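Q: please find the sequence and the predicted model below.
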Amino acid sequence: MECVKLLGTVATYFEERGFGFIRPDDGSKDVFFHLKAIKENAQGMRVGAPVEYEMGEDRDRRPRARKVRVLG
């Protein structure tokens, strides 16, 4: 099964705490991401940055972004 790449924008990012939220381009609810999910270029992570990501779940089955990649 192929993973669907989704697009969004970083809505909030707490660098010192290692997490943030992505605002999906499709207008759905903001999605949590953890610093460990950033695939590459963590220095480019900032509020307003366009990103590509996959949807996943945490241990409690809550939605969470995986394989987050800053675009551009």
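A: Everything's here; your move.
Q: phi and psi next, for residue 47.
A: phi -60, psi 130 (degrees, to the nearest 10).
Q: might you report the residue contacts of it?
A: By CB atoms under 8 Å, 6 or more residues apart in numbering, residue 47 lies in contact with 10, 11, 12, 13. (C-beta placed from N, C-alpha, C; glycine too.)
Q: one more pass at 10 Å, please.
A: 9, 10, 11, 12, 13, 20, 21 (CB atoms under 10 Å, 6 or more residues apart in numbering).
Q: how about the closest residue to the second one other than its chain neighbours, what does it touch?
A: In this case it means residue 10. Leaving aside its sequence neighbours, residue 10 sits nearest to residue 49 (CB to CB, 6 or more residues apart in numbering; 4.7 Å). The neighbours of residue 49, taking CB under 10 Å, 6+ apart as the test, are 8, 9, 10, 13, 20, 22, 41, 68, 70, 71, 72.
Q: dump those residues to TSV, plus pLDDT and neighbour count.
A: Output for those, formatted as TSV (pLDDT from 0 to 100; neighbours: other CB atoms under 10 Å):
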residue	pLDDT	neighbour count
8	98	23
9	97	15
10	96	21
13	94	18
20	96	26
22	98	25
41	65	13
68	95	26
70	93	18
71	92	12
72	79	7
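Q: report the two of those residues separated the most.
A: The span of the contacts of residue 49, defined through CB to CB, is set by 20 and 72 at 17.4 Å.
Q: good, wrapping up.
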